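**Q** Build me a model:
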Amino acid sequence: MTREQQKTFVDELVENIKAEILDGIEQERLPEDWDGHELRRYLADRFELCVMGLPMRDKRSSRYRQYKNAVLVRGL
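**A** Okay, here's the model as predicted:
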């Protein structure tokens, strides 16, 4: 992926998840008493669902190990 494609991918993914969650709030599907704790967990869960079924799902895969190494080495 080029840098521009990376930016586009991240922007579209974040915007799609944001739109789904905001729609859930507007449609009153999310509990009204949820505050930052529950909303952070829900956001994390929604992003996690985007990974399901991908090679990165298996934490034993070489691609996942390479990813974790890059995050560690680059201080991401």
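**Q** Enumerate every residue touching the residue nearest the centre of the chain.
**A** The chain has Phe47 as the residue nearest its centroid, 2.6 Å off, counting by Cα atoms, centre = their mean. By Cβ atoms under 8 Å, 6 or more residues apart in numbering, the residues touching Phe47 are Ile17. For every residue, glycine as well, the C-beta is placed using N, CA and C.
**Q** show me where pLDDT drops low in the chain?
**A** 52-57 (pLDDT under 70).
**Q** chain center to the helix ranked longest in it, what's the gap?
**A** When the chain is scanned for its longest helix (criterion: DSSP state H), the result is helix 3-26. Helix 3-26 sits 9 Å away from the centroid of its parent chain (Cα atoms, centre = their mean, to the nearest Å).
**Q** Can you name the next helix or strand after it?
**A** helix 36-51 (DSSP states H and E).
**Q** quick one: that next one to helix 3-26, angle?
**A** With axes from the mean of the first three to the mean of the last three Cα atoms, to 10 degrees applied, the angle from helix 36-51 to helix 3-26 works out at 130 degrees.
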